[in-house]
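Q: return a 3D structure for these sequence lines:
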Amino acid sequence: MFVLVEMTDTVRIPPWQFERKLNESIAEELNKKLANKVVYNVGLCICLYDITKLEDSYIFPGDGASHTKVHFRYVVFHPFLDEILIGQIKSCSQDGVHVSIGFFDDIVIPPESLQQPAKFDEAEQVWVWEYETEEGAHDLYMDIGEEIRFRVVDETFIDTSPTGPSSAEASTSNAAEEVQKKEAPYTLVGSISEPGLGLLSWWTNS
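A: Sure thing, here's the model as predicted:
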């Protein structure tokens, strides 16, 4: 679920922080810049693990701050494919079941990856597993707030870096549409289409 990623960055330390230890100032600046941010094709950055190397610091003309190239390792949330995770159902829609694991909410289990046969209950706005038994079908509801065990089967990274409009006309006409189209920079796709996966209450004895 969590991995250590080696990174390199140039950190700017303003003059009023020169009285502090360099390592402390750099660690604070790196966490300000990266913590709780998604790095494209890397994952969700959590916190600095350690600093492995500090190169020489430079002060450039017209800027009183120091600039230091830093080699460091960062704790990143990036589950490997086929990893089993446990989260809570945040919501349900026609697109599938949306799951949260507390600090990360962009997890979706599409309809085709649910236990089958499944149907979407429009009245309750939840997905239902129509579990077949010898006595007939039993409806098992995937209620909001329930704990769910799922397998990570895919991931999607979207580059959300700002880009300039191609023309003034395009930016004016599509401004509202672009706000609505805002997408998560990192999304996990899950599956519960095998025995043992799904709501924990389905597989535990009362």
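
Q: residue 28 should be in a helix, yeah?
A: Yes. Under DSSP: H, G, I helix; E, B strand; the rest coil, residue 28 falls within a helix.

Q: since we're on it, how many residues are nearby?
A: Neighbour count for residue 28, taken as other C-beta atoms under 10 Å: 15. No exception for glycine: its C-beta is placed from N, CA and C like everyone else's.

Q: how near is it to residue 14?
A: Taking C-beta to C-beta, to the nearest Å as the measure, residue 28 falls 11 Å from residue 14.

Q: next one: residue 37
A: 21 Å.

Q: equivalent analysis for residue 78, please.
A: 32 Å.

Q: so who does residue 91 touch?
A: When contacts are counted by C-beta atoms under 8 Å, 6 or more residues apart in numbering, residue 91 touches 98, 125, 144.

Q: buried residues in the lengthiest strand in the chain, which are they?
A: When the chain is parsed with DSSP state E, its longest strand is strand 43-59. Neighbour-count burial for strand 43-59, counted by 16 or more other C-beta atoms under 10 Å, picks out 43, 44, 45, 46, 48, 51, 57.

Q: quick check: bridge partners of the fifth one?
A: For residue 48, the beta-bridge partners under DSSP bridges are residue 74.

Q: would you map the strands across this structure?
A: Counting by DSSP E, the strands of the chain are 2-13, 38-39, 43-59, 66-77, 84-93, 96-100, 107-109, 118-121, 126-133, 136-141, 147-157, 186-191, 198-199.

Q: out of these, deepest packed?
A: strand 107-109 (a mean of 25; mean count of other C-beta atoms under 10 Å).

Q: ok, and what's touching it?
A: 87, 95-101, 148, 150, 187-192.

Q: need the contact list for residue 41.
A: residue 157.

Q: domains in this structure, as residue ranges please.
A: 2-77, 83-159+179-202 (the TED database).

Q: most remote residue from the middle of the protein, which is it?
A: Here the centre of the chain is the reference, and by C-alpha atoms, centre = their mean the most remote residue is residue 135, at 41.6 Å.

Q: pLDDT score for that residue?
A: Looking at residue 135, its pLDDT stands at 73.

Q: contact partners for the residue nearest to residue 66 when sequence neighbours are not counted?
A: Nearest residue to residue 66, sequence neighbours excluded (C-beta to C-beta, 6 or more residues apart in numbering): residue 57, at 4.4 Å. By C-beta under 8 Å, 6+ apart, residue 57 lies in contact with 13, 22, 66, 67, 68.
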